[in-house]
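Novice: Here is my input; please provide its structure:
(one chain, ligands or ions: 2)
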Amino acid sequence: MEEHVAQRNGSTPASGGAVPVPWRDLRDWLALIDRKGLLKRIDKPVDPDEELAAIAFMATRREDAPALLFDTLAGDRSGSKVLVNMLGSSKERYALAVGLDPGLSLAEMIAATRTIMLRRVKPAHVPKAQARVNEVVLRDNEIDLTLFPTPKFWPGDGGRYIGTGNITLTSDPDTGRINVGCYRQMLHGPRRVGLYCSPGKHGGLDRDAWWARGKPCEVVAAYGIDPVLFMLGAQVFGIRESELDVAGGMTGRPVELTEAEHVSLPIPANAEFVIEGVVRPGEVEEEGPLGEFTGYYGRERAPQPVIEVKALHHRRSPILTAALMAKYPSCEIGAYYAIMRSARILEDLDRIGVPGVVGAYAHPAAASGWGMVIVSLKQQYAGHAAQVLALTAQCPAAAYYTKWIIAVDEDVDPTDFNEVMWALSTRCNPADDLDVLRNTWSTGLDPSQYPPEARPYGSKVLINACKPHKNIKHFPPATLLRRQVYERAAARWTELGFADSPPKLTTFHED
Ligand SMILES: Cc1cc2nc3c(=O)[nH]c(=O)nc-3n(C[C@H](O)[C@H](O)[C@H](O)COP(=O)(O)O)c2cc1C
Ligand SMILES: [Mn+2]
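Specialist: Numbers count the residues shown, from 1 in each chain. Ligands and ions are numbered 1, 2, ... in the order given. Purely as a prediction, here's the structure:
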């Protein structure tokens with residue numbers, strides 16, 4: 001484990017200040033997690049039509065479920081494999097992807113993520129002939145995507161989804177900035193793929209900018225990608241930033257790109273399976289519904305844009321990445337998302353300059369980390385907790401969806417639900433300590449309001465579960481151990497017959 005921390009503290013000039021992660025593509029990374037016992041291969045034939053998702057859901061009802069590589073898909077003659085639960089609720093697999101020590105606590109991992117997410121490394125160009133994705137290259141009517149195993153996940157889904165664990169590249173026609181986003185893609189036919197970007201997402205904004213010029217929007221979509229590109233496809237960065245540079249920064253290794261066959265965008269050279277295509281204005285097909293990260297079917301079936309596929313590149317026996325959308329802990333948007341979102345919330349609060357913020361956590365059980373944020377602070381003045389609550393609720397990294405924003409004191413670890421429940425139950429008086437924000441940024445996927453047209457406007461409750469500042473001097477002391485007694489007992493832990501290590505305590509009784 002120490003090897004990972006040491007690695008990330010090293011530095012090479014080409015890597016933006018970091019020693020590169022010890023993998024170059026999805027296959028290397030799978031070998032790495034396999035060695036750690038975090039990958040399960042399933043070689044018996046499995047039907048991509050609901051059976052694959054059923055097995056994935058059942059296997060992931062526990063937080064420590066491995067990544068699942070389905071080697072043999074019933075009826076498939078393409079030799080493809082399907083990878084599900086690539087990251088899921090495993091903080092260890094997240095750590096192995098970005099080169100952090102998997103043994104770090106959640107709070108430590110969030111802090112380390114903040115640091116590595118600030119680095120930027122530009123992509124590198126690889127000649128076409130050396131690009132692993134070019135083992136097979138097909139154009140136009142040589143392409144038939146229906147030959148590849150494409151899961152139908154939930155019984156009520158409107159079709160098969162080739163794109164769930166995928167990334168889509170688009171460019172801004174003004175600046176050339178390449179965006180990477182994860183947007184769901186229903187398979188309509190041999191060369192037709194749906195593309196659903198919800199309003200405001202960068203892929204959709206790029207598409208609209210091309211259309212406004214009277215031009216089709218070029219896209220590149222990759223369905224077998226390494227974990228870091230996948231994770232960053234789902235994070236919001238600034239509209240002018242390319243997630244490709246962030247991926248290079250996080251891994252300490254430039255993303256390798258090569259030329260496409262048809263479009264002017266580059267394609268990821270180490271991906272398993274990549275399509276190139278164009279999206280034309282007015283070219284739509286009925287899309288959805290899809291069982292979503294909320295644990296419900298999302299939007300109703302409706303017309304959505306379609307990618308007209310022009311070229312296909314893939315490795316032999318490609319590994320297709322698929323993301324199961326489900327209730328925690330079965331959702332692919334799990335531990336990694338909670339850690340990255342929490343890191344970005346802390347970064348936002350730091351940039352605003354509010355003092356005293358100690359930690360934050362967006363627990364993945366709250367609709368993939370979107371529903372709730374807990375923030376801890378050292379109260380320094382009257383109104384401090386209320387200020388931190390309001391800023392957290394509306395900072396860019398937390399504003400979307402989040403309904404529950406809870407402030408706790410610095411002695412409460414936001415990543416530990418037992419402690420948060422304790423604070424809520426002993427430091428918060430609901431009649432005094434709750435405020436509601438209305439008409440906030442939300443999503444049509446939140447089913448709690450009716451009719452569906454009401455859903456984009458959400459609401460948020462700010463819960464002050466800090467010791468009441470007005471009476472802080474009279475607030476009873478918590479029952480804490482005397483430091484010397486704790487240290488003495490910890491030193492005797494093994495002698496006393498305990499097999500594990502003594503718990504780490506950080507706050508002690510003060511006389
Ligand atoms: C597995 C998965 C599926 C997603 N599906 C969609 C989708 O269908 N449409 C969408 O707009 N966002 C979807 N998202 C969320 C976006 O990827 C996320 O908002 C991201 O920030 C988009 O990139 P952008 O900020 O560059 O637009 C999905 C995320 C994940 C992880
Ligand atoms: Mn973006």
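Novice: ok, the closest residue to ligand 2 within the stretch 51-200 of the chain - how many residues close by?
Specialist: For the stretch 51-200 of the chain and ligand 2, the shortest gap (CB to the ion) falls at Asn179, measuring 4.5 Å. For every residue, glycine as well, the C-beta is placed using N, CA and C. Close neighbours of Asn179, defined as other CB atoms under 10 Å, add up to 24.
Novice: wait, it sits on Ser242?
Specialist: Yes. Counting by CB atoms under 8 Å, Asn179 touches Ser242, with 6.8 Å between them.
Novice: Contacts only, for the residue nearest to Thr506 when sequence neighbours are not counted.
Specialist: Nearest residue to Thr506 in three dimensions, chain neighbours excluded: Asp411, at 7.9 Å (CB to CB, 6 or more residues apart in numbering). The contact partners of Asp411, by CB atoms under 8 Å, 6 or more residues apart in numbering, come to 478, 506-507.
Novice: okay, those residues in a markdown table with secondary structure and pLDDT next?
Specialist: Below are those laid out as a markdown table (DSSP: H, G, I helix; E, B strand; the rest coil; pLDDT from 0 to 100):
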| residue | secondary structure | pLDDT |
| --- | --- | --- |
| Ala478 | coil | 95 |
| Thr506 | coil | 86 |
| Thr507 | coil | 89 |
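Novice: For ligand 2, state which of the residues you listed is nearest.
Specialist: Thr506 (37.5 Å).
Novice: Closest to the centroid, which residue in this protein?
Specialist: Tyr337 (3.4 Å; CA atoms, centre = their mean).
Novice: before we move on, what SS does that one have?
Specialist: Under DSSP: H, G, I helix; E, B strand; the rest coil, the three-state class of Tyr337 is helix.
Novice: Hmm, Ser368 and it touching each other?
Specialist: Yes. Counting by CB under 8 Å, Ser368 is a contact partner of Tyr337 at 5.7 Å.
Novice: between those two, what contacts are shared?
Specialist: With CB under 8 Å, 6+ apart as the test, Tyr337 and Ser368 reach no residue in common.
Novice: quick one: average pLDDT of the strand ranked longest in the chain?
Specialist: Determined from DSSP state E, the single longest strand within the chain is strand 273-287. Mean per-residue pLDDT for strand 273-287: 98.
Novice: for stretch 122-138, same thing?
Specialist: pLDDT averaged over stretch 122-138 gives 98.
Novice: Of all the residues in the stretch 1-150 of the chain, which one is nearest ligand 1?
Specialist: Among the residues of the stretch 1-150 of the chain, Leu87 lies closest to ligand 1, at 9.7 Å counting by CB to the nearest ligand atom.
Novice: SS state for that residue?
Specialist: coil.
Novice: Tell me which residues touch the closest residue to it other than its chain neighbours, please.
Specialist: If the residues on either side of it in the chain are set aside, Leu87 comes closest to Tyr336, at 4.7 Å by CB to CB, 6+ apart. The contact partners of Tyr336, taken as CB under 8 Å, 6+ apart, are 87, 91, 93-94, 97, 227, 231.
Novice: one step back: could you report the neighbour count for the residue of the stretch 1-150 of the chain closest to ligand 1?
Specialist: Neighbours around Leu87, by other CB under 10 Å: 25.
Novice: Return the nearest residue of the stretch 251-400 of the chain with respect to ligand 2.
Specialist: Counting by CB to the ion, the stretch 251-400 of the chain gets nearest ligand 2 through Pro396, at 12.1 Å.
Novice: tell me how far the ends of stretch 193-206 are from each other?
Specialist: 18 Å (CA to CA, to the nearest Å).
Novice: check whether that stretch contacts ligand 1.
Specialist: Yes. Interface with ligand 1: stretch 193-206 contributes 196-198, 201-203 (CB under 6 Å from any ligand atom).
Novice: Can that stretch be said to contact ligand 2?
Specialist: Yes. On the criterion CB under 5 Å from the ion, stretch 193-206 is in touch with ligand 2 at His202.
Novice: In this protein, mark out all the helices, start to finish.
Specialist: 2-9, 26-35, 51-59, 91-98, 106-116, 202-212, 227-233, 243-251, 335-352, 384-394, 396-399, 417-426, 430-433, 483-491 (DSSP state H).
Novice: Any regions of the protein where pLDDT drops low?
Specialist: Residues of the chain meeting the criterion pLDDT under 70: 1-17.
Novice: Pick out the residue of it closest to ligand 2.
Specialist: Counting by CB to the ion, the chain gets nearest to ligand 2 through His202 (3.7 Å).
Novice: I figured that residue hits Arg177, correct?
Specialist: No. Contact between His202 and Arg177 fails when scored by CB under 8 Å: they sit 9.0 Å apart.
Novice: Next to ligand 1, which bits of the stretch 301-450 of the chain? Give me the list.
Specialist: Near ligand 1, when you scan the stretch 301-450 of the chain using CB under 6 Å from any ligand atom, you find 323, 332-333.
Novice: Kindly reformat those residues as a markdown table and extend each row with neighbour count and distance to Ile162.
Specialist: Shown next, in a markdown table, are these (neighbours: other CB atoms under 10 Å; distance: CB to CB, whole Å):
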| residue | neighbour count | distance to Ile162 |
| --- | --- | --- |
| Ala323 | 27 | 12 |
| Glu332 | 27 | 15 |
| Ile333 | 26 | 18 |
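Novice: will you turn those residues into TSV that also has distance to Pro289?
Specialist: TSV is the format used below for those (distance: CB to CB, whole Å):
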residue	distance to Pro289
Ala323	16
Glu332	18
Ile333	18
